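>>> here are the coordinates; sequence isn't available:
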């Protein structure tokens, strides 16, 4: 089963996702510059959100980090491994994650960032503990090679992974862990409108300067921050069959799959990227959401609804016109391609009375949308 999510979110002045210069990310689409939020940024904001963690449970979520050596050493310390042995061992573990098993220069981090499940950390720790039991002292530990330690870790193919790894996947160059094909695809969000980059020139005043003399006038510092205001179209698709396959070695697989979809939808709707939020507080809710459920796995991104930038008019604002464009595009795809859709759920805020002409279940509020989806996943 394929579940597709189409969502419109309108943001005020924000800098949600920065490029290498500190400016909001952009792209060219339809011949016009658009605001952009990368899929990596969106996925991270969803999987690390408090909402998602509360509904799924921290024990069912992994961690993406380069500090794997420290995590393993902490687990070994709990198993009673001596500190002098751990000091010699930690640089060895930094060689995990690459086939050569080459230790990283600083010895405290792996060469690449990797996604780990708690079971990965525990399995590596237990394997190394068995090897350490045969080491007489720290000098013997020093002679161990990272490549051999990594090769000793077995069971990667049947080891359980966490829900976030099952959703967003991982790629590793080590046989100690298994690659996981993502069950969820996420597009870069782009603005429905043509974007105009603006800059906020700001000053910071010293509270203890009176300004009574020339020497004490002026600001303590000056700076500038780029920003824009955009209505973003966000698209993602979830293959529940791939999700189940990824979780097949997990004890509570059925429960996790059932929790995953409503928890994910709530995180998508209620959370926002963290970029420059202290300066702009751009916390918004979706203006419209459509969810399509298909047995025929033909994903369709409806972004071409916005190939011509949406503009406000005398009769309708930017959001209203964007929702109408999305509804029109749905009808176009239905009429022109006649793709099989088992269920189409539509929700837009009560401020806008807009819906597609094609067959759709109209949800009066967001909670009803979640309830409908939950029934389908069951």
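Arrived safely. None of these values were measured; they are calculated from a predicted model.
>>> How many residues are close by residue 131?
The number of residues packed near residue 131 is 15, by other C-beta atoms under 10 Å. C-beta here means a position set from N, CA and C on the backbone, and glycine is covered the same way.
>>> shift numbering so it begins at 17
OK, 17 is where the count begins now, so the last one is residue 147.
>>> for it, phi and psi?
phi -70, psi -40 (degrees, to the nearest 10).
>>> List the contacts of it.
160, 165, 168 (C-beta atoms under 8 Å, 6 or more residues apart in numbering).
>>> now do residue 79
Counting by C-beta under 8 Å, 6+ apart, residue 79 touches 87, 131-132.
>>> Just the pLDDT for it.
Confidence at residue 79, expressed as pLDDT, is 94.
>>> who's it bridged to?
Beta bridges link residue 79 to residue 132, judged by DSSP bridges.
>>> For the closest residue to residue 125 other than its chain neighbours, grab the count of nearby residues.
Excluding the flanking residues, the one nearest residue 125 by C-beta to C-beta, 6 or more residues apart in numbering is residue 82, at 3.9 Å. Residues within reach of residue 82, counting by other C-beta under 10 Å, total 17.
>>> swap in residue 322?
Residue 322 has 24 nearby residues by other C-beta under 10 Å.
>>> How about the one 10 residues further on?
Residue neighbour count, defined by other C-beta under 10 Å, stands at 16 for residue 332.
>>> same question, the one 4 residues further on
Neighbourhood size, residue 336 [other C-beta under 10 Å]: 20.
>>> Who are the packing partners of the helix or strand harbouring it?
Assigned by DSSP states H and E, residue 336 falls within helix 334-353. Other elements packing on helix 334-353 under the criterion 3 or more C-beta pairs under 8 Å, 6 or more residues apart in numbering; DSSP states H and E are strand 18-26, strand 247-255, strand 302-310.
>>> average pLDDT for the second one?
Same thing as strand 247-255. Averaging pLDDT along strand 247-255 gives 98.
>>> okay, the angle between that strand and helix 334-353?
On the basis of axes from the mean of the first three to the mean of the last three C-alpha atoms, to 10 degrees, strand 247-255 is oriented at 40 degrees to helix 334-353.
>>> So which other helices or strands are in contact with strand 247-255?
strand 18-26, strand 200-202, strand 205-207, helix 269-286, helix 334-353.
>>> and the helix or strand following the first one, which strands flank it?
Towards the C-terminus, the helix or strand next in line after strand 18-26, according to DSSP H and E, is strand 42-45. Strands flanking strand 42-45 in the sheet, each with its direction: strand 48-53 (antiparallel) (DSSP bridges).
>>> Tell me the buried residues in the partner strand?
Within strand 48-53, the residues scored as buried using 16 or more other C-beta atoms under 10 Å are 49-53.
>>> tilt between that strand and strand 18-26?
Put simply, strand 48-53 runs at 110 degrees to strand 18-26, going by the same axes, to 10 degrees.
>>> residues in contact with strand 48-53?
Here strand 48-53 makes contact (C-beta under 8 Å, 6+ apart) with 32-33, 40-44, 204-207, 209-211, 244, 246, 248, 289, 325.
>>> Check stretch 381-393 too.
So stretch 381-393 is in contact with 19, 256, 273-274, 277-278, 281-282, 285, 302, 305, 307, 309, 358-359, 361, 363, 377, 379, going by C-beta under 8 Å, 6+ apart.
>>> Of those residues, grab the buried ones for ChimeraX.
Selection of buried members from the contacts of stretch 381-393 for ChimeraX, criterion 16+ other C-beta under 10 Å:
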select :19,256,273,277,278,281,282,285,302,305,307,309,359,361,363,379
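>>> on that earlier part again, return the member of the contacts of residue 147 nearest to residue 23.
residue 165 (44.9 Å; C-beta to C-beta).
>>> How much space separates the residue nearest to residue 195 when sequence neighbours are not counted from residue 90?
Of all residues not flanking residue 195 in the chain, residue 187 sits nearest, at 5.5 Å (C-beta to C-beta, 6+ apart). Distance, residue 187 to residue 90, by C-beta to C-beta, to the nearest Å: 25 Å.
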